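S.K.: Give me coordinates for this.
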Amino acid sequence: MIYLDNAATTPITDNVLEAMLPWLKEGFGNPSSVYSVGRKSAIALNKARALCAEVLGCQPKNIFFTSGGTESDNHAIFAAAEKARAVGKMHIITSSVEHHAVLEPLRVLEKKGFRVTRLPVYDNGIVRVSDLEAAVTPDTAFVTVMAANNEIGTIQPIDGIGAVCRERGILFHTDAVQAFGNMPLDTNSVDMLSLSGHKLHAPKGVGLLYVREPASLPPFILGGSQQSGKRAGTENVAGIVGLAEAMRAAAEGAEEKRVKLLAMRERITREISKIKGARLNGDPERRLASNVNFSFEGVEGEALILQLDLAGIAVSSGSACTSGSLDPSHVLLALGLSHDEARSSVRITMSDLTTDEDIDGLLAVLPSAVDKLRYLRGISL
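M.R.: Residues are numbered from 1 along each chain as shown. Have a look, this model is predicted:
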């Protein structure tokens, strides 16, 4: 199999698995227990927290482990809304291309009386800081804008957004699930930041939320004193250890990975652009090195994915969280694509495990698969 859907999930690497194994077997103790097997788990948990903090450039107290990016996004948004309502602020600013883990909580808040401004991203998929400045009002409670888009890979001006928020005293959260390990991140630009382990070769079901001022954070889950009383429940020690190791490896190899993937991305973009009716979605430069997203005129994206799957190649049409939906991608519609154009898209995402041979295999099959699907529909370009 040629696996090119790394924005959906990544395989666990050997170094991560090796770090986890002791805590899946003999290191099974509950980290809240006072006897030795529990204390050993607690030590491993504390070391993992310290490593995550070191990688992010913050203190261990700023790190809260979660079940993944969706939980982290949900809690950041609901916590920020709770704080805002307490001081009478009811306006939220976001972008029109956020992940559903952000969009759905915001819809819930709208039903509870909050007003949400969704900033446009234009045809390149990027928010303009000037639009954010114009949208801010004295009633603005917080801003949530993702660092990099999960479908088209475009990189948002997080530093500029953060500067505006600091100047106006507005809380700023970013969903960095796709960004971490694929681009530089500075926690000094944000107040809260979400990460997910399974996007960086750690297991599914573990992530974290960075919080600049943890004392002001309302509890996520009640029922225990774990994680300073903010998120009750016995911690997933093995998963957290795996997350920390994955973050360490991603940070250490970030530049080497970026250079490798940028060459692959440019090759894929160059070759696919030769196909008639192919359109690159999102900014051609200000995007993750790991992401390529194309629409193919006259082709159903889902049909093309199945054709490639028959050839042993795994790609996607967008977010795995909306797989099976008949609705076109809200991200692609926000770029100005028609419904048909949005439904004709394919997302190709790579990781540091992707090889040149994988790209050879994709490019050997993709043009003929597009031609076949157009032929079956009686379309000639």
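
S.K.: From here on, just use CA atoms for contacts and neighbour counts.
M.R.: Will do.

S.K.: so how far is N281 from S295?
M.R.: Applying CA to CA, to the nearest Å, the value for S295 to N281 is 7 Å.

S.K.: Just give me how far stretch 349-366 sits from the chain centre.
M.R.: In this view, stretch 349-366 has its centroid 21 Å away from the chain centroid, taken as CA atoms, centre = their mean, to the nearest Å.

S.K.: quick one: average confidence on it?
M.R.: Computed over stretch 349-366, the mean pLDDT rounds to 98.

S.K.: quick one: buried residues of that stretch?
M.R.: Within stretch 349-366, the residues scored as buried using 16 or more other CA atoms under 10 Å are T349, M350, S351, D352, T354, D358, I359, L362, L366.

S.K.: what are the ranges of the helices in the protein?
M.R.: Secondary structure of the chain (DSSP state H): helices at 14-24, 36-56, 69-86, 100-111, 129-135, 158-168, 237-252, 254-272, 301-310, 330-334, 339-343, 356-376.

S.K.: list the helices and strands the fifth one packs on?
M.R.: Pointing back at helix 129-135 there. strand 115-119, helix 158-168 (3 or more CA pairs under 8 Å, 6 or more residues apart in numbering; DSSP states H and E).

S.K.: Which among these is found nearest to S329?
M.R.: strand 115-119 (16.0 Å; CA to CA).

S.K.: per-domain residue ranges of this structure.
M.R.: The record assigns the chain these domain ranges, following automatic domain parsing: 2-9+254-376, 14-252.

S.K.: gap between the first one and the chain center?
M.R.: Averaged C-alpha coordinates place domain 2-9+254-376 at 17 Å from its chain's average position (CA atoms, centre = their mean).

S.K.: ok, of the buried residues of stretch 349-366, which one's closest to M264?
M.R.: Closest to M264, out of all of the buried residues of stretch 349-366 and judged by CA to CA, is I359, at 7.4 Å.

S.K.: shouldn't the closest one be in contact with M264?
M.R.: Yes - between I359 and M264 there is a contact under CA atoms under 8 Å: 7.4 Å.

S.K.: residues near A148, how many?
M.R.: For A148, the neighbour count with other CA atoms under 10 Å is 28.

S.K.: now it: how far from P120?
M.R.: Applying CA to CA, the value for A148 to P120 is 15 Å.

S.K.: coming back round to it: of the helices and strands packed on helix 129-135, which is nearest G69?
M.R.: helix 158-168 (18.0 Å).

S.K.: Contacts for that closest one, please.
M.R.: Helix 158-168 is touched from outside by V129, L132, E133, V143, V145, A147, L171, F172, S189, V190, with contacts defined as CA atoms under 8 Å, 6 or more residues apart in numbering.

S.K.: number of nearby residues for A147?
M.R.: Residues near A147, counting by other CA under 10 Å: 26.

S.K.: That one contacts A179, doesn't it?
M.R.: Yes - under the criterion of CA under 8 Å, A147 makes contact with A179 at 6.0 Å.

S.K.: that older thread, among the helices of the chain, which comes closest to L200?
M.R.: Proximity to L200, assessed across those by CA to CA, is greatest for helix 237-252 (6.1 Å).

S.K.: what residues does the closest one touch?
M.R.: Contacts of helix 237-252 (CA under 8 Å, 6+ apart): 15-17, 19-24, 31, 41, 44-45, 48-49, 51-52, 55, 65, 181, 197, 200-203, 205-207.

S.K.: do the same with stretch 339-354
M.R.: 3-7, 10, 151-152, 257, 260-261, 290-302, 304-305, 315-318, 328-329, 332-333.

S.K.: what's the answer for stretch 169-178, then?
M.R.: For stretch 169-178, using CA under 8 Å, 6+ apart, the contacting residues are 7, 69, 73, 76-77, 80, 140-150, 162, 165, 190-196, 199.

S.K.: same question, stretch 132-139
M.R.: Contacts of stretch 132-139 (CA under 8 Å, 6+ apart): G88, K89, M90, H91, I93, T117, L119, I161, V164.

S.K.: now swap in stretch 206-222 and tell me
M.R.: So stretch 206-222 is contacted by 61-69, 72-73, 75-76, 79, 190-198, 229-233, 236, 239-240, 243 (CA under 8 Å, 6+ apart).

S.K.: Quick check: buried residues in it?
M.R.: In stretch 206-222, counting by 16+ other CA under 10 Å, buried: V206, G207, L208, L209, Y210, V211, R212, P214, L217, P218, F220.

S.K.: now swap in stretch 252-269 and tell me
M.R.: By neighbour count on 16+ other CA under 10 Å, the buried set for stretch 252-269 is A254, K257, R258, K260, L261, L262, M264, R265, R267, I268, T269.

S.K.: can you pull the contacts of R128?
M.R.: Contacts of R128 by CA under 8 Å, 6+ apart are V121, P157.

S.K.: how does it look with 10 Å?
M.R.: S95, L119, P120, V121, Y122, Q156, P157, G160, I161 (CA atoms under 10 Å, 6 or more residues apart in numbering).

S.K.: Same question for R107.
M.R.: By CA under 10 Å, 6+ apart, the residues touching R107 are F114, R115, V116.

S.K.: Switch the residues you listed over to a markdown table; also include distance to K274.
M.R.: Conversion of those to a markdown table gives the following (distance: CA to CA, whole Å):
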| residue | distance to K274 |
| --- | --- |
| F114 | 47 |
| R115 | 45 |
| V116 | 41 |
